[in-house]
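1. next input, structure requested:
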Amino acid sequence: MLFSNYEAQVEALLSRSIDIAWNTNLAYVRVHRRSGGRCKVLAMRDTDVEFTSILIAGTNTGITSIWDLRGKRLAFGSRDSGQAAILPEYFLAINGIDVQKDVRLTRFDLDVGKHGDTGTSEVAVLEAVTKGEADAGAVGDTYWARTLATGGVDRNKVKPFWTSSPYCHCNFTVLEERYGKDLEEWTEALLQMDYNNPAHRTIMDMEGLKRWVRPQLAGYKPLFEAVEAVGYFNASA
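-> Numbering: from 1, shown residues only. From the prediction side, this is the model:
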């Protein structure tokens, strides 16, 4: 079953209309909050572990650290992007930078409801920094690495200057009451997929992973803290 946005998918999981949801980290946090913690993560991609956010800056801005951001123009991705908005705001806050007061903030609220998955808002952030319309911006490391690899970054105009501590991204989530032997077997089958098997490789390439891994729940702690610190759920549904 396909959904146009993660909020609808979360509602379907909570209403028992679906058994398993492939959730972003923000969708997982929402499920955890709404279910009172009575949910379970089955598995995640190897690429969902050790995810980071990156701050980039124009090469002529003089920005070399986060403390240089004061008074500068900072671009964030869509407001529901963990990697390009929520977590960068939180990480800056715990380092003494209040994006509501210390910088001139621009948000690119594109594809809201997708939780930054399309990368559209990160494209806008990079474009703004490249054109000099923003002094600095936040993107996810996956988008940054992919764009570097495809030649989409003008290194004469844009540079990375800060990388966050790691956190986790997407996962398969179920409600605790639904978890049983069938889902245990389903999870084990998933974990046994082999990238060297041509029959498995196609779907694994489509999902951007080399192997499925067991959940590393500690990696979601930063986002749980971030949504509280920035009041994300106070300002959204």
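
2. measure the residue in the chain sticking out farthest from the centre to residue 189 for me?
-> Most distant from the centre of the chain: residue 181, at 30.4 Å, with distances by C-alpha atoms, centre = their mean. Per C-beta to C-beta, to the nearest Å, residue 181 is found 13 Å from residue 189. Placement of C-beta: from N, CA and C, glycine included.

3. and if you look at residue 101?
-> Going from residue 101 to residue 189 by C-beta to C-beta gives 51 Å.

4. count the residues that sit near residue 75.
-> 28 (other C-beta atoms under 10 Å).

5. part of a strand, is it?
-> Yes - secondary structure assignment places residue 75 in a strand (DSSP: H, G, I helix; E, B strand; the rest coil).

6. surely it touches residue 132?
-> No - taking contacts as C-beta atoms under 8 Å, residue 75 lies outside contact range of residue 132: 11.5 Å.

7. ends of stretch 210-219, what's the gap?
-> 19 Å (C-alpha to C-alpha, to the nearest Å).

8. if you could redo that for stretch 48-63, that was the one I meant.
-> End-to-end distance of stretch 48-63: 29 Å, with C-alpha to C-alpha as the criterion.

9. next: stretch 187-198.
-> Stretch 187-198 has an end-to-end distance of 20 Å (C-alpha to C-alpha).

10. roughly how far is it from the heart of the chain?
-> 24 Å (C-alpha atoms, centre = their mean, to the nearest Å).

11. which residues make contact with that stretch from outside it?
-> If you take C-beta atoms under 8 Å, 6 or more residues apart in numbering as the criterion, stretch 187-198 is touched by 42-43, 172, 200-201, 204, 209-214.
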